[in-house]
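# dropping a prediction and its sequence here:
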Amino acid sequence: MAILNFFVMGSRCAYYGQRAKGALFFVAQVVFILFMAFFGANNLLLFRTLGATEQHTVWDEALQINRVIRGDNSMIVLIFGVLTIVACIAFIVLYVMNIRMGNKAARMVAAGESPPSFKEDLYTLWHDKYHVVLLTLPTIGLVLFTVIPLIFMILMAFTNFDRMNQPPGRLFTWVGLDNFREITYANPRLSNTFFSILRWTLTWAVIATFSNYIGGMALALFINKKGIRFKAMWRSFFVVTIAVPQFVSLLVLRQLLNDNGTVNVILMNYLGWIDEPIRFWGTHARTTVLLANLWVGIPFTLLITTGILMNIPEELYESAKLDGAGPIMTFRKITLPYMLFITTPYLISQFVGNLNNFNVIWLTTAGQPLTLELYQAGRTDLLITWLYSLAVNEQDFRLAATIGILVFIVVATFSLISFNLLASRKREEEFS
Amino acid sequence: MKKLVAFAIVAMIALGFTACGNDDTVDLLVWGPLGNQEFLNIAAERFAQMHPDTTFNFTFGVVGEGDALERVLEDPASAADIFAFADDQLRDFVNAGVLYEVTRNIADIRARNMDSAVYIATLDGRMWAYPQTADNGYFWYYDSSVISSDDVLTLDGIIEASLAANRRFTFPIDVAWVTASWFLAQGSLGLDGDRQVVDFNNAHGLAAAHAMIAMAESGAWQAGWAEELVEGIGTTLSGGVGGTWMAADIQATLGENFGVTKLPTATIGGRQVQLSSFMGTKLVGVNSQTEHPVYAMDFADFLTGEEMQLLSFEMNQIGPSNIAVAQHPSVLANPALAALAYQSMYAFPQRDVQGSYWGPVEAFGTHVVNGEVNTLNIQDLLDEMVAQIMGH
Amino acid sequence: MRKKVGLVFSHVFLAILSIVWLLPIAWLVMHSFREEPGAFVSYVIPRGFTFQNYINLFTDTHLFNFPLWFWNTLRVAIASCLITSVLVLMVSYVFSRLRFTMRRAYMNLLLIIGMFPGVMALVAIFHVLNLIGLTQSLVGLTLVYSAGAATGFLIAKGFFDTIPRSIDEAATIDGASKNDIFWKITLPISRPIITYTLIISFIAPWGDFMLSSILMRGNQERFTVAVGLRQMIERETVSAYFTQFCAGAVIVAIPLMTLFLLTQRFYVEGIVGGASKG
């Protein structure tokens, strides 16, 4: 019986009375075998070289057409291969569970106990293993629509998938670490551009994050000041901007700041402060995108910090007052530390978000102004927008994917360290 | 037991396939830009009427000519059977094996279209797509109350007349499509295998770049492209570079002062040189993954034929690639199309432009617009531009 | 007296800032009523005002079927915000309340997954959906919007961390299962964080055009407002339809704005509760 269980999943469980569980294992096995027979095995076979037969044509005299005979599509092979591998991993997990549960049931019977019935298993699931119930659905969704696509993207960095090897007409295949070499040192034009954009990406993330944070907090404090009237109204004025979708508001912002846009028109014709238009999107576009980002980001920070300011215990301020502290002292000793303590996680996630801030850059400048100091990139390009243009304009998918991985390494290193160092995170058990 | 289940499932799947396969309607998915949807509908109706013994099921999708490559390559198998695209994508499409070679009725297709359009649709002696338009180019719009028809022949004349009238003109030298006018005036653009080859950093290119800078510093030049021209012409602008899609707006603004002609000549290296341009056609391709290559080809053939090109002109003022339609009195009477045809004598086929061309040329133009180019760095910048165009 | 002058200045300062922030919005609203056509114009005040752009948006659906796109987006937004919220709350509750092996590792894994730059993965998402026959479908779009929800657990988890454990323990003694505790005890007292997750996931579909334009493959019947509105400002149509584009954007903003102002209070509380305990 124990040996049969290696071949027919669920047989051992069923033999020891766990019929429903055994049946489920068996169904899983049948589904998997069918999946592999009709779909998976072929994918895995092709996955090694990412396809074997190239598309070709045969002249069809009767129809007068050069009939296309389809070959393998490397991109589909890659995606389906990933899918199959993930399915295999899931199956292996199930298989190991099958063996273990079978053994456990056998042990229990040998010890004179009766193995848990299906009902009892369900009860355990609902109580001691409730996390399994709650996590299953989110995990499936995540694997299908986030993890599999990401693995696909990662693997693309190890292939020669570009304009010259474009499916369905041509196959692409594995090239190992060539792309990483090319980007980091082998091709100076690319590596210079990469490191130059990396520097700007980091600078952008630091300035964008802190300027938003400080600006938003200052604004919140200002509105919260004693004596300011219509506090809710002022706040609403800023918050309202969040409701307009960014692809609209950033487009408008871009146009308002154009050479002959409304801002220049107001400054020149209505106010007469300047004679020549200010070229906001010219050489100083980096400053302008940082300012545009302030416009986008400050309302968010305002919302968050307003709440926190209201939550600062009044006693803290009163005792400070008794000690004779002035307003600046109070801010430095009470408000700021309190805010920093509470909002550090928010600050870090903002930083990560800014490193990958596709929207604000793409919708305002799309990386422009382009410059010959960089390869196929502009002064405001972040790594994420640069890789997108490489993929879309030049179908350079291999380089784009490689840059994607490098970006990820930067972001992940930084944020994992900070998340795990985070003081407040370590205290999560405080309330237990 | 296991075998039984497997058999049952296989049988079910097989049944499912035959159920779909027995259908003898021809499903054709057609992609075109939004403005063409109505036109495509009419074409499909007429085509179906011409083939009464076959049932067609046409579906239409909105995919602009510029997005076709991206959208199709995402998944050629589920992309349209017939789709419209801009000619600079042709080479990538052919490399990717997405196009069915044009073979049916090819003699007629070659004969009825302009040579330039046939040339554009042909690579290595094989024709890959059906020319649909010949209107993707640019030329010069002007306000004839400010610029006389003599002034508009030379850039110097335009500058002088604009300054005298306190107007400016637009010439978007940071739009790589238009910057080409200068470099292509005496330069060349070609391909070595799949590598873009240009000579914009030789003596001619240098002279062209200097002339471009001189224009930018003339005092009459203004940055900006379509939006700026449409809005400013007649008030602050004397004219500028534009394409057929602006004709209606500009004509409405200028009324009887509407002027349109080829690009002017410019003083490059001490002599008058006619500015060049890119000239493109929109093409219709048949997807190599289609289930119905014959019907798809015949529809593409019909869609780009004389009858439909004439209709396309009447509906949307699209410039024809069909010789007979181009000679039609109403087409000949269209001033923007006439200007385009005039300019096309000096134009370069856009088909031979690779993706790597656009970025570096735009970058150079941007440097000029930003006033960052001077006699010291100009040669270095041109060298870098050419190197980047030729690949990484 | 000095204090009063200071206050006046403060109000003036706030007013100036508000103008800066509201200018783009005001511009948008103003030009959605602009009578004369044309793309971006450089003058500030339109020469004539009209309601026609709004009327056309809903009646002239021949080329741009805005009402349909709005309806599509609304359905997707509602469905995906419900699914997302349930998933996020489930995951956050697990990490906050339940203890099991690999918990910390799984949390870190989710965080890492959430950091990947996603633009390159869109094509793969398309193919996964294609495999299950859900491309060009609003259901598929909803699935993708909500599927990645688990990675956004951090803030909600922080909120749950602040709910005293003693409540759970009391309920357990009364015989409640973990399932009961989650649905009947924890969720009802988590209104702020629920509001927060609902709003965040409701907003996303209105602004996304990259994913939905890949998924819908030109099928106009299935466009969302973001994809549709962007069609209006293509080079061939921009000058005729720009004012309608503005009107469309204003209409999109109205439900979001209302929702925002109505729930502002909860939104603030939700984040604060979350952030304070990481």
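Yep, that arrived.

# check which helix or strand covers the residue in the stretch 51-200 of chain B positioned nearest to chain C.
Of the stretch 51-200 of chain B, the residue with the smallest distance to chain C, taken as Cβ to the nearest Cβ, is residue B:61 at 2.9 Å. Any C-beta I mention is one placed from the backbone N, CA and C, and that applies to glycine too. Take DSSP states H and E as the rule and residue B:61 turns out to sit in strand B:56-62.

# so after that strand, what's the next helix or strand?
Using DSSP H and E, the helix or strand that follows strand B:56-62 in sequence is helix B:68-74.

# what pLDDT, on average, does that next one get?
Averaging pLDDT along helix B:68-74 gives 92.

# that helix packs against which elements?
Of the remaining helices and strands, those touching helix B:68-74 by 3 or more Cβ pairs under 8 Å, 6 or more residues apart in numbering or on different chains; DSSP states H and E are strand B:82-86, helix B:90-95.

# which element follows the longest one toward the C-terminus?
For helix B:90-95, the succeeding helix or strand toward the C-terminus, using DSSP H and E, is helix B:106-112.

# just the buried positions in the next helix-or-strand element following that following helix, please.
Secondary structure here is assigned by DSSP H and E; on that basis, the next helix or strand after helix B:106-112 toward the C-terminus is helix B:115-121. When burial is assessed from 16 or more other Cβ atoms under 10 Å in any protein chain shown, helix B:115-121 yields the following buried residues: B:116-118, B:120-121.

# could the residues you listed go into a markdown table alongside distance to chain C and pLDDT?
Formatted as a markdown table, the entries for the buried residues of helix B:115-121 read as follows, by distance: Cβ to the nearest Cβ, whole Å; pLDDT from 0 to 100:
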| residue | distance to chain C | pLDDT |
| --- | --- | --- |
| B:116 | 23 | 90 |
| B:117 | 20 | 93 |
| B:118 | 25 | 95 |
| B:120 | 21 | 93 |
| B:121 | 22 | 95 |
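
# hmm, back to that, can you tell me which of the helices and strands packed on helix B:68-74 is most buried?
For the helices and strands packed on helix B:68-74, ranked by mean neighbour count under the definition mean count of other Cβ atoms under 10 Å in any protein chain shown, the leader is strand B:82-86 at a mean of 25.

# pLDDT of that strand, averaged?
For strand B:82-86, the per-residue pLDDT values average out at 96.

# which residues touch it?
Outside strand B:82-86, the residues within contact range by Cβ atoms under 8 Å, 6 or more residues apart in numbering or on different chains are B:28-33, B:36, B:63, B:65-66, B:68-69, B:72, B:93, B:129, B:132, B:136, B:280, B:282-287, B:290, B:296, B:299-300, B:303, B:350.

# try 6 Å this time
Identification of contacts with strand B:82-86 by Cβ atoms under 6 Å, 6 or more residues apart in numbering or on different chains yields B:30-32, B:65-66, B:68, B:282-286, B:296, B:299-300.

# among those residues, who's most crowded?
Among the contacts of strand B:82-86, residue B:286 has the most neighbours (other Cβ atoms under 10 Å in any protein chain shown), with 31 neighbours.

# give me the number of residues near the residue nearest to that residue when sequence neighbours are not counted?
Of all residues beyond its chain neighbours, the one nearest residue B:286 is residue B:100 (4.1 Å), with distances taken as Cβ to Cβ, 6 or more residues apart in numbering or on different chains. Using other Cβ under 10 Å, the number of residues around residue B:100 comes to 27.

# contacting residues for residue B:100?
Applying Cβ under 6 Å, 6+ apart as the definition, the contact partners of residue B:100 turn out to be B:286, B:288, B:293.

# so which of the contacts of strand B:82-86 are in helices?
Taking DSSP state H as the definition of helices, the contacts of strand B:82-86 contribute B:68, B:296, B:299-300.

# helices or strands up against the host helix or strand of residue B:205?
Element membership for residue B:205 (DSSP H and E) is helix B:203-216. For helix B:203-216, the elements it packs on are helix B:176-186, strand B:265-268, helix B:355-369, judged by 3 or more Cβ pairs under 6 Å, 6 or more residues apart in numbering or on different chains; DSSP states H and E.

# now what about the last one, what contacts it?
The set of residues external to helix B:355-369 that reach it, using Cβ under 6 Å, 6+ apart, is A:369-372, A:376, A:393-394, B:173-174, B:176, B:179, B:196, B:212-213, B:216, B:223, B:373, B:385, B:388-389, B:391.
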